[in-house]
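S.K.: quick one, fold the following:
(4 chains)
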Amino acid sequence: MDFGLSEEQELLQETLRDFVARECPPARVRERFEADGAHDPALWSAMAEVGLCGLCLPEDCGGAQLELLDLALAAEVLGEGGVPGPFLGHALAGLALLHAGSEEQRWRWLPRLASGEAIGSVALAEPDSAWEPERWAARLLEGRVGGAKRLVPHAAVADLIVVGLAGGGMALVERGAEGLSVEPFAGVDGTRDLAGLCLDAVPAEALPGGSEAWPRLRDAGLVLLAADSFGSAWKLIRDTIDYLGTRRQFGTPLVQFQSVKHQLADLATELEPARSLYWYAAHAFDHIPAEAERSAALAKAHITDRALHVAREVLELHGGIGFTWECDVHLWYKRAMWNRAFLGGPDHHRERCARLAGW
Amino acid sequence: MDFGLSEEQELLQETLRDFVARECPPARVRERFEADGAHDPALWSAMAEVGLCGLCLPEDCGGAQLELLDLALAAEVLGEGGVPGPFLGHALAGLALLHAGSEEQRWRWLPRLASGEAIGSVALAEPDSAWEPERWAARLLEGRVGGAKRLVPHAAVADLIVVGLAGGGMALVERGAEGLSVEPFAGVDGTRDLAGLCLDAVPAEALPGGSEAWPRLRDAGLVLLAADSFGSAWKLIRDTIDYLGTRRQFGTPLVQFQSVKHQLADLATELEPARSLYWYAAHAFDHIPAEAERSAALAKAHITDRALHVAREVLELHGGIGFTWECDVHLWYKRAMWNRAFLGGPDHHRERCARLAGW
Amino acid sequence: MDLSFGPEHERFREEVREFLAEHWPAGDGGPPPGAGQEASFRALAIERGYVYRRIPRRYGGSEQPADPLREDILRREFFAAGAPLGIPGVGPAMLVPTLLEHGSEEQREEFVAPTLRGEIRWCQGYSEPGSGSDLASLQTRAEPDGDEWVVNGHKIWTSSAHLADWMFGLFRTEPGEPRHAGISYLLLPMRQPGVEVRPLRQMTGTAEFNEVFFDDARTPLRNIVGRRGQGWKVSRTTLVHERNMIGDPARVQNLFSDLVELARGARLGGRPALEDGGVRRRLVELEGYVRAQQYSGYRQLSATAHGREDRTRLPTLMNKLYTTELVKRLLEFGYDLIDSDESLAAPDENDARARLARSANYPGGWTTQYLYAHGASIAGGSPNIQRNIIGERGLGLPRDLRQTP
Amino acid sequence: MDLSFGPEHERFREEVREFLAEHWPAGDGGPPPGAGQEASFRALAIERGYVYRRIPRRYGGSEQPADPLREDILRREFFAAGAPLGIPGVGPAMLVPTLLEHGSEEQREEFVAPTLRGEIRWCQGYSEPGSGSDLASLQTRAEPDGDEWVVNGHKIWTSSAHLADWMFGLFRTEPGEPRHAGISYLLLPMRQPGVEVRPLRQMTGTAEFNEVFFDDARTPLRNIVGRRGQGWKVSRTTLVHERNMIGDPARVQNLFSDLVELARGARLGGRPALEDGGVRRRLVELEGYVRAQQYSGYRQLSATAHGREDRTRLPTLMNKLYTTELVKRLLEFGYDLIDSDESLAAPDENDARARLARSANYPGGWTTQYLYAHGASIAGGSPNIQRNIIGERGLGLPRDLRQTP
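M.R.: Below is the predicted model of the structure:
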């Protein structure tokens, strides 16, 4: 038994931390956050170079053929760094092709996705928080898909969008396809763009294994969001400790006030053990099929909830400065909001967990 | 507009505080708490002498003919003092006779209840937290009542028990009636005895206005429990401040540690504004009929919940000593438990409030 | 105990309603009135004794006897009609009471009436980047030079500084003196080369506050309120006013009603959220807090009206912490009930979106409000500062360890 | 990452199971074994290397190489069979490691083996009425007099003092020295005229702790562990053991399962509580905390097994606060689900009542547990002390203001 990271996994996180510190310091996060679109082609190329675009894709397609845990460890570091861009949707599109694509589709797309040359995304949500195929209306008929999707990450720059279909199938839509329009959406998190899609008989091809692969896609997404939030929340706690260590009130560094110290200790204590929750869910995804679905939902609900709580508390610990645009807190705060809401909020996944337990 | 106490009401509380300090200091509370029965005839006589047994009963029966607010103000002081004995059940039995009794029944009982010569109680609950007439099974047939009641306050010393009947009627049962057996119940709060009643065709007489009066009885009980808990919780906060002011750790009085200070400030801030909640509910009972039912339920749920939370927090602020039998905290803690559970817990009354609001 | 306002006050309410119906131009959904219309409405309202009630007539007030119930009625009725109860802002609310208490006769004559007419607009210069809740540590200096003060330094959290003609604020004039003792309360014209105002953008995207930089800014020596080194004491007058301004119970009640409506429209687990047991109980639990605050407001108002303020000192100290924490809880619950589109929308986007959430007091959708709530919580003393105040002044607990006086 | 124990350890588990089935007398629901049977079972278990694994054979242990996974398997399998993993209590758990690390050879020979056989029973004398979490302030004196220490003072929170033959504890032997420096670690016989044990009744009605009064109690000079004034350092060995003992994840998991069963049986608003949306979501919310702790336990165990403890220092520091706060939340939720009869019942009454709530680790009904939870929360350092430890040792925050070292 070893419920811990391998040396390779430790190294992966270390390497990525160095990468993020070098290529995407907070100033660059802020720059993208404030820019019109969050996607930064130079950063994306750099990410592709270190292998971030194909971590779980097969080696013969140029990927690293790692497990979801490795991808989640990367997501944690990206959350820490607040790294902007299409990582999440891209990873999910890759998994969709890997698990549901035909041989031909895989060969056509996976090498380009793994190299980062093509950007992938997923179009899932429909109005009224419909994140589940049972509530979707989008349909594929005679090679054309019709419907409306909400909250599609980086739709404007995606070369390939995996569209979720009513009942659980999936279809591929390519950038600039006829009848496809992208409706801008002013999202709360400036590091991950969102858009609506209007699909008016858009040429599309089905992924043959779509219905079976949907649960895998969802579970992977839930785990990655949990991992990202875990990283974001720790980043906020650490930054707060640093900031309050320099800021004095009544002649004393704020961090030395007992109340502040205890609030920080409480936040860290609620957060740190949850690291194992996302590890477990990621591990279950590849190795404990019976627990994969429920543990992904549990990790997503628990960690994204905790992370937003951390963000709210540390914002107030900063005092007035925490409420300003120029203070970095809000960048990670809004990232935590995004992670918590995307793919459905905690209430939704808790109800699913209850149902899955037979309660 | 004057949402505040009259001079008479301020005086009433002051007088009762003096009375409690004199007649029922904590040592006496503890003595009764540890004794076999909580009822203390000498204390009861003293309470009767200051008029506590008939505050809301008519003047011509020897009562003070005051309003529920006055009774609740008294209950607050009794909660502060942790005063043991049958005050609550007695007050409710008096109100039952006042509102539901025939002329003859009132004249027969109210003077004796007002003078404290006779002790009254109410038998309401049936198994499985059934606090509502719709869920009761006790029935009155041909002058005899049959059924089983739970959680009857001070049943062993009550001269008169008002028994709640299926559907909402009420019947009077006298002490020692044929077929009446009292089953001891080891209750958590040593200051208010509880017992089960087994009623095997016990001679009883109906209160003619029982069905109509039931809501009044319940609402009055809810307000009195809220007021008692409010007093209990403040008593705990004040005692904790005193204790932590004397106890030093690392050379400093505990109360000066910022975390402790902030925890106390939070507890007081959650509690103090709720005083107006029980005032309002008591006032509504006599003056705003449309709001009486809901505001009583709201006050009971909110205040008894807050009070138990206060008790749990201050117990831990005391450190190890707070967990001992000899420390007074548990006396008021268990009183707070009693008040919160008696007549139904917060969840029950919150659901009622939702229903009453048409939600 | 009496929850009615009594016949005299109900007559007063009627009178106010009639006045508003007759004289407030936007009363019946008409177009918003122009500045001239507002000014003549205000003059009339002062004439009738409705506005600036506690200010002597010779300074432009209506000089009425104190009557918290009439004042409550006026607040509510003017609010309901959307009519302004005088000029909004820190000038009438904070500077004017300070001048009336501590200012010289010349200062009162120069500033009070124009401020009440809106001819002089003010901003408040207290906070500094390094001081936060610890005002006594402020660093912005004012040095006498001939017949002027020369001001250098940097203020922050200055609302409406870009619109203001003057600033009132605290400046260090006696550098040798310890903390509080070295501070004076000065009035300083904003339209001069030595003053630079930079907007301070908030996380919500809007900029309601500013930073103000002083580089040899100047103001005549006579523009000191109180004596040199007394600024700390003088400022207490307005700080009390600021504390009382935050935490109006009506805002919370409106927000709670909005929350109920939100729950009525929202869905949870495929059913209307309002049918969910957890949602129902949580709403009522929150309502317990809301009503407690509402009735506690009645109690404080009554105590003020009947000269018993000493009895309600403790709940009054608690208002701000209680309200801001409660508002956050209400908004957290609301944020959980909205749909994914709304919870992922940027604050501005939201404004146009969530119609349900709109109320006169909480503009914007739930996400916007959810973020804004931090502003109210932090402004005028963070939650931890409030806990210190409640603990020390309300519960008689000792001061913190090694906290300098 | 690998969640299986691997073939070698699974064989070990099988072996342990077979051993228990064969040798533990109460294994198949038989009558509880007598003291003699337990002793011979224990001897056999030591012989097999299952019990007292880290203790050398010459002192009565089984001297096995450290293997946290085998130890985990042993804990779980012995627990499941209801078999004792050695003598319970503070003697084997806390004194023995201390003697092995700091004791003299004579002390080890005199005390270790009889303690492991249960022939000497121990109690722990650390806390005093005036000291609480601040052990360095303790006052109970031990003065040398001829070839004995003479002890005077008063200890509190001494579990099982009425059953103990000896006490190990901290005593002030160097009154001139500052705080920590004046304390020594002594062993003291309990059965003597100068020692009086008084049970300390808890709010739950039971008495699991005692006060111990010393009035010229005596112990030979040689019964000091370590040197004079080193008691503080010597006691750290056992305090670490105590901290690790509190917060066994399996207890929390059992409690959570009980809670689910409780919700399954309880009713809310006229329907099964488990059908209520709020109850369902709250259960899952709590489960998030429970599983996080469970998996964090796997992580800590793995780190220990593979020599990576430094990586899990932070979660290990958090175990106690996290667990006790979680247990309180679980019990508060449970307390809300039980019926009025049970929530109004005295703790003892309850034990017989709530069968659902029974588990081997949490005896008694929900009300009893609800009250007991405070004990675990306070024992071994209150929540605020834990927050200090996590803040200072875990997050690197500075010490409190004016907290003496």
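S.K.: for chain C, which strand is longest?
M.R.: strand C:209-220 (DSSP state E).
S.K.: okay, buried residues for that strand please.
M.R.: Neighbour-count burial for strand C:209-220 flags C:209-214, C:217-219 (criterion: 16 or more other CB atoms under 10 Å in any protein chain shown). Every C-beta, even on glycine, is put in place using the N, C-alpha and C of the backbone.
S.K.: list phi and psi for whatever residue of the stretch 201-350 of chain A ends up closest to chain B.
M.R.: Of all residues in the stretch 201-350 of chain A, the one sitting closest to chain B is A:Gln258 (4.1 Å; CB to the nearest CB). Main-chain dihedrals, A:Gln258, degrees, to the nearest 10: phi -60, psi -40.
S.K.: what's the answer for A:Pro153, then?
M.R.: A:Pro153 adopts backbone torsions of phi -70, psi 130, taken as degrees, to the nearest 10.
S.K.: wait, it sits on A:Val122?
M.R.: Yes: using CB atoms under 8 Å, A:Pro153 is in contact with A:Val122, at 7.3 Å.
S.K.: give me the common contacts of these two.
M.R.: Jointly contacting A:Pro153 and A:Val122 under the rule CB atoms under 8 Å, 6 or more residues apart in numbering or on different chains are A:Gly89.
S.K.: helix or strand with the lowest mean pLDDT in the chain?
M.R.: No chain in the question, so chain A it is. strand A:248-249 (a mean of 80; mean pLDDT, DSSP states H and E).
S.K.: I was after chain C.
M.R.: Least confident helix or strand of chain C, by mean pLDDT, DSSP H and E, is helix C:347-353 with a mean of 53.
S.K.: can you name the next helix or strand after that one?
M.R.: helix C:366-378 (DSSP states H and E).
S.K.: could you say what helices and strands that following helix packs with?
M.R.: Contact here means 3 or more CB pairs under 8 Å, 6 or more residues apart in numbering or on different chains; DSSP states H and E; on that basis helix C:366-378 packs against helix A:289-317, helix C:313-337, helix C:340-343, helix C:347-353.
S.K.: can you say which of the ones you listed is packed in most?
M.R.: Stretch with highest mean neighbour count among these: helix A:289-317 (a mean of 25; mean count of other CB atoms under 10 Å in any protein chain shown).
S.K.: which parts of the stretch 251-359 of chain A sit against chain D?
M.R.: Neighbours of chain D within the stretch 251-359 of chain A, by CB under 8 Å from any CB of the partner chain: A:252-253, A:255-258, A:261-262, A:264-266, A:268-270, A:272-277, A:279-280, A:283, A:287-288, A:295, A:298-299, A:301-302, A:305, A:346-347, A:350-351, A:353-354, A:357, A:359.
S.K.: that older thread, and the least confident helix or strand of chain A, how far out from the chain middle?
M.R.: Distance of strand A:248-249 from its chain centroid, counting by CA atoms, centre = their mean, to the nearest Å, is 37 Å.
S.K.: give the other helices and strands that the helix or strand just after it contacts.
M.R.: Per DSSP H and E, the first helix or strand lying C-terminal to strand A:248-249 is strand A:252-253. With contacts taken as 3+ CB pairs under 8 Å, 6+ apart, strand A:252-253 sits against helix A:210-246.
S.K.: do me a favour and average the pLDDT over the very next helix or strand once past the longest strand of chain C.
M.R.: Next helix or strand after strand C:209-220 toward the C-terminus (DSSP H and E): strand C:224-225. For strand C:224-225, mean pLDDT is 96.
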